[in-house]
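Visitor: Give me a model of this one.
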Amino acid sequence: MNALSQIGILTIQTIGGLYLLIVVLRFLLQLSRADFYNPISQAIAKATAPVLTPLRRIIPGLFGLDMACLALAIAVQYVTITLSCLLVSIFNPMVVLLWSLIGIASMVVYIYLFAMIVMIILSWVAPFTRHPAAILCVQIVRPLCAPIQKFIPSLGGLDISPIFVFLLLNAARVLINSAAAATGLTGGASMLVPGMF
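Guide: Next up is the predicted model:
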């Protein structure tokens, strides 16, 4: 791979990966019923609205899930990977679709892991913070912790549900990495897929 191809892939991955992150965050914020009037939520909504608004006319929601947002995430990922693959002269449409789904699943897991870490650190350092990012992290993670908290009560005021959520997220990460390896998404190929770390 020559230097121009590397620069092209880096540019495509940065722009595509950033927009994909925004789209996935919008989906997760809607899924967790996070505060829509949070300034970060508003910025994410404004960044995705020009594409999502017309797409929602074609793709309706299903069981409370924003299917248009999911379709947009898959399309952004697919285009990003396709452009990157074309720069290195490899392309298989079905493999790219599988890589797109695996990359999005990986990104979701890492968003949840990051939000969990932020939530845990803030609970010790600044438990009463009202920063918009901190509030969104708690709101994103709350639906994951709530079912576990029903079965495992807090121990003397100490909530241990995040430990079990971490275990589940890491188990999901292992399964995603296994699926990635099964589809050839290892080594240098993983650099072509936003969300794979």
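
Visitor: use CA for all of it now, contacts and neighbours both
Guide: OK.

Visitor: Output the below-cut-off pLDDT ranges for the protein.
Guide: Along the chain, segments meeting pLDDT under 70 span 1, 154, 156-157, 197.

Visitor: So which residue is smack in the middle of the protein?
Guide: Nearest residue to the geometric centre of the chain (CA atoms, centre = their mean): residue 108, 3.0 Å.

Visitor: State the helix or strand in which the residue nearest to that residue when sequence neighbours are not counted lies.
Guide: Excluding the flanking residues, the one nearest residue 108 by CA to CA, 6 or more residues apart in numbering is residue 24, at 7.2 Å. Following DSSP states H and E, one finds residue 24 within helix 3-31.

Visitor: Pull the distance from that helix to the chain's centre.
Guide: Between the centre of helix 3-31 and the centre of its chain there are 11 Å (CA atoms, centre = their mean, to the nearest Å).

Visitor: heads up, I number from 716, so please use that
Guide: Okay, using 716 as the starting number, the last item reads as helix 718-746.

Visitor: name the element the closest residue to residue 901 other than its chain neighbours belongs to?
Guide: Nearest residue to residue 901, sequence neighbours excluded (CA to CA, 6+ apart): residue 895, at 6.8 Å. For residue 895, the host element (DSSP H and E) is helix 876-897.

Visitor: Buried residues in that helix, which are they?
Guide: Neighbour counts over helix 876-897 (16 or more other CA atoms under 10 Å) mark 876, 877, 880, 881, 884, 888, 891, 892, 895 as buried.

Visitor: hmm, who's touching that helix?
Guide: The contact list for helix 876-897, computed with CA atoms under 8 Å, 6 or more residues apart in numbering, reads 814, 817, 820-821, 824, 827-828, 831, 859-860, 863-864, 867, 869, 901.

Visitor: And for stretch 866-875?
Guide: Against stretch 866-875 from outside (CA under 8 Å, 6+ apart): 864, 876.

Visitor: Let me know the distance separating residue 905 from residue 821.
Guide: 11 Å (CA to CA, to the nearest Å).

Visitor: what touches both of these two?
Guide: Common neighbours of residue 905 and residue 821 (criterion: CA under 8 Å, 6+ apart): residue 911.

Visitor: Compare these two (neighbour count), which wins?
Guide: residue 821 (22 against 17; other CA atoms under 10 Å).

Visitor: Taking helix 876-897 as reference, get the angle to the helix or strand where that one lies.
Guide: In the assignment (DSSP H and E), residue 821 maps to helix 808-840. Between helix 808-840 and helix 876-897, the angle comes out at 160 degrees (axes from the mean of the first three to the mean of the last three CA atoms, to 10 degrees).

Visitor: Just checking the distance from helix 808-840 to the centre of its chain.
Guide: Counting by CA atoms, centre = their mean, helix 808-840 is centred 4 Å from the centre of its parent chain.
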